[in-house]
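Trainee: pasting the sequence and the predicted coordinates here, then a few questions.
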Amino acid sequence: MNTAGTAEFLRRYPPFSALDDGQLAAVAASARERRFAAGELVLVEDGPPASSLFVVRDGAVELLHQGEVVELIGPGENFGQPSLLSRLAPAFTVRARDDTTCYLVPREQALAVFGGPAGLEYLAQSYRTRLVLAGHVVHALPELGTVSAGDLVRRPPLFCEGSIAIRRAAQLMTDNRTSAALVRDGQNVSILTDAILRERVVTGDVNAENAVSRVVEAAVQVRADQPAVDAVVEMLDAGTDHVVVVDAQRRVVGVLSAADLAGLETRSPFALRHALLSARDEEELVGAAGGLPHVFLALMDAGIAPLDVCRVLSASADSVCQRLIELAIAARGPAPGAWAWLVLGSTARREFTLGSDVESALAYDDGLGDGADEYFAAVAADVRRGLERCGFVLDANEVFASEPLWRMPASRWVETFRDCLDEPDRSHLIRANVAFDFRQLAGALEVTPPLVAVLRDARGHPDLMRRLARTATDFKPPLGFRGNVVSGSEGVDLKQGGTIPITNLARFYALSNAVTISATTDRLTAVQELGALDDETAEALREAFAVLMRIRLEHHAERVESGATVDNVVDPAALPPLTRSHLRDAFRAVAAAQKRLSVYVPLGL
């Protein structure tokens with residue numbers, strides 16, 4: 001093996017980049033190269049301890065926990081260190097995603113790598129990141145394997161009289177865009193389907209002017225509370241392509257077709273995530289991403305909490321972006337060095353909705369040559385195009401890694417964050433409101449710690465904090481003089497007048513108290529526990545955020561089902577009275593919190 005080439009490769013990536021020449025040469029000399037075939041297990045969760053530190057040379061491996069992909073590990077990234085150093089069983093399973101080459105570094109040399117301050121910091125950071133990812137992926141995605149048959153019913157059933165002509169019944173099915181019509185005879189329910197029409201009328205010997213009762217068949221029935229999988233079994237056993245769903249009193253709820261049940265698996269967030277991450281090319285990824293609205297509707301039908309729905313959508317957006325990055329790098333060749341892809345805004349906070357924009361940034365190692373920026377610009381452009389093809393809406397202000405303002409060396413990112421603190425003019429303030437909510441999605445460059453360190457210093461910059469406080473009070477909820485909701489000609493923008501003000505309030509309180517987590521409700525809880533925000537205000541804002549998100553998501557579901565473009569504008573008058581009351585109370589809670597904060601703005605907090 002080429003020791004000099006190994007050393008040169010390792011030098012590009014942390015924690016090896018912190019070693020001196022002698023230490024690096026010793027690590028490179030001790031390393032051996034091993035090839036793993038796609039699908040091969042490298043380490044097994046709770047299996048034998050790792051005997052080496054693994055560094056990916058080319059290809060990629062998947063880090064799995066409880067069967068779910070927690071993280072994709074690419075060139076320059078390493079794994080196996082907790083098991084190697086502790087001599088305990090691996091906490092994750094590692095599987096080769098593609099044909100992959102790894103450098104295997106012996107335990108003694110790995111101890112030397114992680115024994116210094118930089119190595120220890122890297123070790124703690126990487127393990128914490130993977131534990132957090134495991135929690136978000138495995139425990140935050142609700143599985144829909146227990147979806148009931150009733151959950152899948154999307155429209156009321158079509159009934160017709162048994163005495164009408166077959167031709168008339170077929171016309172009613174066409175007009176109602178359904179593949180089945182039901183005929184009731186006392187307690188008995190019969191069914192007419194497209195398949196029956198084709199078999200017995202179109203190509204059979206029954207005249208279309210005959211009564212429907214001549215061709216209908218006894219309907220296979222399933223209870224609404226039965227698992228949808230049971231409906232599949234009943235359908236297969238009966239050799240039919242439709243089942244009738246009834247409630248506990250045997251009243252007909254609706255009809256499910258084979259097509260409805262065939263799409264059951266695509267309504268699972270886990271199944272969607274698997275399809276996205278395993279897409280072989282961009283075309284296949286675009287097709288898989290088309291299932292996201294169906295999963296979203298299934299989550300809403302299943303009564304999943306609004307912020308949990310947002311986490312699923314955020315995880316799905318992450319998966320699409322991760323796969324696009326992989327495909328772009330596969331097409332353009334290996335990266336010239338370490339890099340980090342950052343997601344920003346609502347995706348970073350895991351509050352993404354179908355009405356959210358996608359925002360991103362990219363950082364790369366300072367020591368790369370002049371061609372590095374050109375390479376990463378091309379990769380980012382590929383990802384941008386792919387996201388648009390997958391149906392995602394990109395930020396209107398061009399906040400994306402394909403733009404030079406959002407793609408730069410790591411040291412310049414630190415300088416940029418620092419400039420936002422030192423010189424909080426309008427442009428820096430806009431950048432702070434976007435970039436200060438960030439999360440590293442992919443790449444081996446450890447850019448998070450230095451950026452977080454800058455954020456912790458924010459509270460020591462009064463001018464910035466004063467401006468952030470004003471930003472948090474600028475977007476006013478749409479309330480009139482008497483505290484009632486005031487609607488514009490097009491309705492009320494729940495994002496502009498509701499969730500954004502709460503997000504800005506939470507960001508201000510977090511940064512003013514050195515809290516560096518991004519999720520809005522987590523920020524509110526943290527500052528409440530620190531005593532920086534009173535219990536009543538913190539609780540009111542959390543409840544308001546949940547209410548506004550629920551109404552937003554319900555509105556999105558209505559738009560998806562009607563085939564309309566998803567937006568965040570609702571007509572309060574069209575909402576049920578109780579929902580309208582909750583909306584008013586949520587806006588009032590935001591206004592009250594803004595009023596409290598505005599008192600302190602002149603003091604420069």
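Mentor: Looks like it arrived, so ask away. Numbering: from 1, shown residues only.
Trainee: not counting its neighbours along the chain, what's nearest V206?
Mentor: Among residues not flanking V206 along the chain, R200 sits closest, at 5.0 Å (C-beta to C-beta, 6 or more residues apart in numbering). Just so you know, the C-beta spots here come from the backbone N, C-alpha and C atoms, and that holds for glycine as well.
Trainee: how close does that neighbour get to V70?
Mentor: 53 Å (C-beta to C-beta, to the nearest Å).
Trainee: do the same with A218
Mentor: Taking C-beta to C-beta, one finds A218 at 49 Å from V70.
Trainee: and those two? Which one has more around it.
Mentor: Per other C-beta atoms under 10 Å, whichever of A218 and V70 has more neighbours is V70, with 22 against 12.
Trainee: per-residue confidence for that one?
Mentor: Looking at V70, its pLDDT reads 79.
Trainee: what do you get for L144?
Mentor: 48.
Trainee: what do you get for the one 3 residues further on?
Mentor: V147 is assigned 66 on the pLDDT scale.
Trainee: try the one 3 residues further on
Mentor: Listed pLDDT for G150 reads 85.
Trainee: give me the neighbour count for it.
Mentor: G150: 20 neighbours (other C-beta under 10 Å).
Trainee: so it sits against D225, correct?
Mentor: Yes. The criterion here is C-beta atoms under 8 Å, and G150 meets it with D225 at 6.5 Å.
Trainee: which stretches of the stretch 1-150 of the chain have low pLDDT?
Mentor: Within the stretch 1-150 of the chain, the segments meeting pLDDT under 70 span 1, 66-67, 127-147.
Trainee: at 90 what do you get?
Mentor: 1-5, 11-14, 17-18, 38-39, 44-49, 63-74, 81-93, 97-98, 111-150 (pLDDT under 90).
Trainee: residue boundaries of the helices in it?
Mentor: Assigned helices in the stretch 1-150 of the chain, in chain order: 3-11, 21-30, 81-86, 107-115, 117-134 (criterion: DSSP state H, counting those that start in this stretch).
Trainee: would you list those helices in a markdown table and tack on mean neighbour count and distance to S356?
Mentor: Shown next, in a markdown table, are the helices of the stretch 1-150 of the chain (neighbours: other C-beta atoms under 10 Å; distance: least, C-beta to C-beta, whole Å):
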| stretch | mean neighbour count | distance to S356 |
| --- | --- | --- |
| helix 3-11 | 17 | 38 |
| helix 21-30 | 16 | 43 |
| helix 81-86 | 19 | 35 |
| helix 107-115 | 17 | 39 |
| helix 117-134 | 16 | 21 |
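Trainee: now the ones you listed in JSON lines, with distance to S319?
Mentor: Converted to JSON lines, the helices of the stretch 1-150 of the chain look like this (distance: least, C-beta to C-beta, whole Å):
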{"stretch": "helix 3-11", "distance to S319": "28"}
{"stretch": "helix 21-30", "distance to S319": "34"}
{"stretch": "helix 81-86", "distance to S319": "25"}
{"stretch": "helix 107-115", "distance to S319": "30"}
{"stretch": "helix 117-134", "distance to S319": "12"}
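Trainee: out of those, flag the one nearest N207.
Mentor: helix 117-134 (64.2 Å; C-beta to C-beta).
Trainee: quick check: closest non-adjacent residue to V153.
Mentor: Nearest to V153 is G254, by C-beta to C-beta, 6+ apart, at 3.5 Å.
Trainee: what's the neighbour count on the one you found?
Mentor: 22.
Trainee: sec struct for it, please.
Mentor: strand (DSSP: H, G, I helix; E, B strand; the rest coil).
Trainee: who does it bridge with?
Mentor: Residues in a beta bridge with G254, per DSSP bridges, are V245.
Trainee: I figured it hits D247, correct?
Mentor: No. In this structure G254 lies outside contact range of D247 using C-beta under 8 Å: 10.2 Å.
Trainee: S163 - how many residues pack around it?
Mentor: S163, neighbours per other C-beta under 10 Å, totals 9.
Trainee: mind listing the helices for the stretch 401-550 of the chain?
Mentor: Going by DSSP H, counting those that start in this stretch, the stretch 401-550 of the chain shows helices at 410-422, 426-435, 448-456, 462-474, 494, 500-511, 520-529, 535-562.
Trainee: I'd like the ones you listed as TSV, with distance to V189 appended.
Mentor: Formatted as TSV, the helices of the stretch 401-550 of the chain follow (distance: least, C-beta to C-beta, whole Å):
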stretch	distance to V189
helix 410-422	65
helix 426-435	56
helix 448-456	60
helix 462-474	58
helix 494	42
helix 500-511	49
helix 520-529	47
helix 535-562	26
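Trainee: of these, which shows the lowest average pLDDT?
Mentor: For the helices of the stretch 401-550 of the chain, where the average pLDDT is lowest is helix 426-435, sitting at a mean of 80.
Trainee: contact partners of that one?
Mentor: 344-345, 359, 361, 399, 416-417, 419-420, 424, 464, 467-468, 471, 504, 507 (C-beta atoms under 8 Å, 6 or more residues apart in numbering).
Trainee: which one of the residues you listed sits closest to V320?
Mentor: Using C-beta to C-beta, these come closest to V320 at E359, 14.3 Å.
Trainee: give me the neighbour count for the closest one.
Mentor: The burial count for E359: 24, using other C-beta under 10 Å.
Trainee: okay, it: pLDDT?
Mentor: E359 is given a pLDDT of 95.
Trainee: cool, the one 3 residues further on as well?
Mentor: According to the prediction, L362 has pLDDT 97.
Trainee: shouldn't it be within a strand?
Mentor: Yes. Assessed by three-state DSSP, L362 belongs to a strand.
Trainee: this structure - how does it break down into domains?
Mentor: In the domain annotation for the chain, the residue ranges read 3-139, 150-261, 310-456, 462-603 (automatic domain parsing).
Trainee: CA atoms only: put stretch 448-456 into CSV for me.
Mentor: Provided in CSV are the C-alpha atoms of stretch 448-456 (Å, rounded to 0.1, in the frame of the first residue of the first chain):
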residue,chain,number,x,y,z
THR,A,448,-20.4,22.9,13.6
PRO,A,449,-18.2,23.4,16.8
PRO,A,450,-16.5,26.7,15.6
LEU,A,451,-19.8,28.1,14.4
VAL,A,452,-21.6,27.2,17.6
ALA,A,453,-18.7,28.9,19.5
VAL,A,454,-19.5,32.1,17.7
LEU,A,455,-23.2,31.9,18.5
ARG,A,456,-22.4,31.5,22.2
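Trainee: got the buried residues for it?
Mentor: 448, 451, 454-455 (16 or more other C-beta atoms under 10 Å).
Trainee: which among the contacts of helix 426-435 end up buried?
Mentor: For the contacts of helix 426-435, buried by 16+ other C-beta under 10 Å: 344-345, 359, 361, 399, 416-417, 419-420, 424, 464, 467-468, 471, 504, 507.
Trainee: next, give phi and psi for the closest residue to S190 other than its chain neighbours.
Mentor: Spatial nearest neighbour of S190, excluding adjacent residues (C-beta to C-beta, 6+ apart): V216 at 3.8 Å. Backbone torsions of V216, given as degrees, to the nearest 10, read phi -70, psi 160.
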